[in-house]
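Novice: can you look at this prediction? I've put the sequence above it.
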Amino acid sequence: MLAYLFLHWLAGAVAGSVFQIRTLVLLLGIVLLESAAAAFVYGGSVALWALANLFALQVGYLVGIYARSILEQAGQLLSRARPRELP
């Protein structure tokens with residue numbers, strides 16, 4: 001179960017460094033369904049790991065955002081293109 005926790009953290013870090021918040025919401029939905037299925041199949045003992053996976057995904061997303069901002073400030077990455085608002 002610890003390997004799954006690391007994989008969810010890694011997926012969150014990649015999503016945070018590349019994608020926007022909508023991707024995190026989609027990933028949270030997928031992990032929630034995955035956790036519910038695991039709890040149904042393996043019983044209530046997996047429920048704590050399911051919550052830990054959700055938490056690891058969110059923490060990984062924040063780490064990815066932070067890593068991207070550090071690399072942008074250091075000049076290693078170009079900042080994301082932001083569309084201009086029309087008047």
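Specialist: Looks like it came in fine.

Novice: most centrally placed residue in the protein?
Specialist: Computing the C-alpha centroid of the chain and ranking residues by Cα atoms, centre = their mean puts Gly12 first, at 2.3 Å.

Novice: so which strand or helix has that one?
Specialist: If you go by DSSP states H and E, Gly12 is part of helix 2-18.

Novice: just want the angle from the next helix or strand after that helix to helix 2-18.
Specialist: Downstream of helix 2-18, the first helix or strand assigned by DSSP H and E is helix 21-42. Calculated by axes from the mean of the first three to the mean of the last three Cα atoms, to 10 degrees, helix 21-42 forms an angle of 170 degrees with helix 2-18.

Novice: what's the neighbour count on Val18?
Specialist: Neighbourhood size, Val18 [other Cβ atoms under 10 Å]: 11. (Glycine included, C-beta is placed from N, CA and C.)
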